[in-house]
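Peer 1: Structure for this input, please:
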Amino acid sequence: MTFDPTPEQQAVLDRARGVAKRIRSVAAAIDKAGRVPEEMTQVLIGEALIDPFVADEVTAILIIEELASASAGLAASLGFGSAAGSGAGGTVIPPSLSGLRGAAFELAGVQRATGSTMRRARLVCCGCALGVGRAAVNHAVAFMKRTNIRPGGEEKVPHWALADAAAELDAARLLTLHAAQMMERDEEAEHSIELAKMLSASAADKAVQAAIRIEGEDGYARAGLLERLTRDARTLTVILP
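Peer 2: Residues are numbered from 1 along each chain as shown. The predicted structure follows:
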């Protein structure tokens with residue numbers, strides 16, 4: 001099973017990648033404050049990314065994963081808000097949700113929902129998990145290149161664990177996109193979405209743990225990227241089961 005975005009989806013994905021680069025510089029501040037800066041909200045509005053589900057489920061997943069690779073809290077807030085139909089209101093990220101700064105308000109709007117709202121919300125979790133996992137893999141690969149570490153069978157730096165996590169992320173991405181396509185076609189997608197959420201959350205957690213094992217304890221600095229990704233990944237395994 002493969003996935004090739006349409007020209008329209010690729011255009012949206014390109015815009016999301018550009019915005020994600022800008023988000024990375026303020027991701028730690030977003031996580032700490034629980035609020036997206038107004039100028040970043042305006043960027044999201046200007047790039048037509050503020051309401052991910054306004055087009056279709058697959059496009060929403062592409063947006064959410066890309067933004068989550070920079071800030072899972074921002075992506076979750078937008079995604080949950082869009083799933084519940086609140087649109088641009090989803091850029092406030094209250095700090096009360098432990099771990100993922102993913103919008104207690106927006107999450108509350110979907111956690112008791114049923115039908116398409118809940119299915120979309122679970123797809124949001126999938127997209128966030130994929131973004132978190134990808135960020136961890138990219139971080140570990142960059143560390144290996146920076147320190148001139150070569151792949152091998154060494155137990156102290158388990159490259160194989162990172163490779164396994166990356167492969168599992170790819171599988172979770174395909175399953176998530178397939179589930180999103182099923183929902184678009186009004187097919188019975190409940191089981192596929194639940195399976196995608198379980199696999200993507202597990203893959204994200206494995207990717208983060210592999211990155212920590214590769215970089216060592218120095219990589220798990222307080223307020224560092226891997227600490228944030230660990231909290232985000234663990235939270236995604238338990239919300240909206």
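
Peer 1: ok, V19 touching V43?
Peer 2: Yes - if you go by Cβ atoms under 8 Å, V19 and V43 touch, sitting 5.9 Å apart. (Glycine included, C-beta is placed from N, CA and C.)

Peer 1: With neighbour numbers in mind, choose between those two.
Peer 2: The neighbour comparison of V19 against V43 (other Cβ atoms under 10 Å) goes to V19, with 20 against 17.

Peer 1: Check the secondary structure at that one for me.
Peer 2: Following DSSP: H, G, I helix; E, B strand; the rest coil, we place V19 in the helix state.

Peer 1: Relative to R120, how far out is it?
Peer 2: Separation of V19 from R120 (Cβ to Cβ, to the nearest Å) stands at 21 Å.

Peer 1: mean confidence score for stretch 188-201?
Peer 2: What stretch 188-201 shows for mean pLDDT is 94.

Peer 1: Give me the contacts around that stretch.
Peer 2: Here stretch 188-201 makes contact (Cβ atoms under 8 Å, 6 or more residues apart in numbering) with 119, 122-123, 125-126, 129-130, 133, 168-169, 171-173, 175-176, 178-180, 182-183, 233, 236-237, 240.

Peer 1: roughly how far out does that stretch sit from the chain middle?
Peer 2: Relative to its chain's centre, stretch 188-201 lies at 15 Å (Cα atoms, centre = their mean, to the nearest Å).

Peer 1: Pull out the buried positions in that stretch.
Peer 2: Buried residues in stretch 188-201, counted by 16 or more other Cβ atoms under 10 Å: 189, 192-193, 195-201.

Peer 1: would you turn those into CSV with distance to R228 and secondary structure?
Peer 2: Formatted as CSV, these follow (distance: Cβ to Cβ, whole Å; DSSP: H, G, I helix; E, B strand; the rest coil):
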residue, distance to R228, secondary structure
A189, 31, coil
S192, 29, helix
I193, 26, helix
L195, 27, helix
A196, 23, helix
K197, 21, helix
M198, 22, helix
L199, 22, helix
S200, 18, helix
A201, 16, helix
